[in-house]
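Chemist: Provided below are the primary sequence and the corresponding predicted coordinates.
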Amino acid sequence: MNIDLDKLNYTFINKPLLIGGRAMEFYGLRKTGNDIDFVVIEEDLANLIKLYPDKIKDLSGDLGVCPFEFEIWKSISYFTYDELRRNSIEQENYLVISLEKLLFLKSLTLNLEKGLEDAVLIANKIIEEQSKKSEEINNHNKELLQS
C-alpha cells in the first residue's frame, strides 16, 4: 500500500504511525474510507500546524491537523505515538500500527457499530494468524515432553 506523503510538503522527524481505516486495509480486513489517519510525535504535529494553521482540529483534547485527505494527530483517545508504535510494521515512509494496538484502539469505540465490527474483524485476523502457529507449537511441545 503506497501512501504519498509528498503533498504535505513536510519531512517527518519520526515516521508517522498509520492507524484507522487504512491500517485495516493494510491488514486486508476491509476497504478504507477517504481519509488517512496518522499519529505523530508532538514536534511533527507542531511543525504541521505551522504549515497548515487553518486545518487544526481538536477532538476533546486530541489535537490534530487535517490537510488534504490526511488526519494527523498528536494522540488518539490520549494515547500518544510512543504508546502506540510498539511492534508497528515499518514501511518506506510510515509505520503501520500493530494488529494488537489497532484492536486496542478499536476496543475504545465498541459503543459504536463500526468500532465493534472492526474489533471483530481484527480479533478474527489475530486468531487466524495464531492458529497458523499451532502445528509448530504442538511439534515443539512433543519434543519438550520427550526430552
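Modeler: Alright, I've got the coordinates.

Chemist: quick one: average confidence on the helix ranked longest in the chain?
Modeler: Ranked by residue count, the top helix of the chain under DSSP state H comes out as helix 113-131. Taken as a whole, helix 113-131 has a mean pLDDT of 89.

Chemist: Can you name every helix or strand that that helix contacts?
Modeler: helix 20-26, helix 99-107 (3 or more Cβ pairs under 8 Å, 6 or more residues apart in numbering; DSSP states H and E). Backbone N, C-alpha and C define where each C-beta goes, glycine included.

Chemist: Dump the ones you listed to JSON lines, plus mean pLDDT and distance to residue 2.
Modeler: Compiled in JSON lines, the helices and strands packed on helix 113-131 are given as follows (pLDDT from 0 to 100; distance: least, Cβ to Cβ, whole Å):
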{"stretch": "helix 20-26", "mean pLDDT": "96", "distance to residue 2": "11"}
{"stretch": "helix 99-107", "mean pLDDT": "94", "distance to residue 2": "20"}
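
Chemist: Let me know which of the ones you listed is the nearest to residue 66.
Modeler: Proximity to residue 66, assessed across the helices and strands packed on helix 113-131 by Cβ to Cβ, is greatest for helix 20-26 (12.7 Å).

Chemist: which parts of the closest one are buried?
Modeler: For helix 20-26, a neighbour-count test (16 or more other Cβ atoms under 10 Å) marks 20, 21, 22, 23, 24, 26 as buried.

Chemist: Following the chain onward from that helix, which element is next?
Modeler: Next helix or strand after helix 20-26 toward the C-terminus (DSSP states H and E): strand 36-39.
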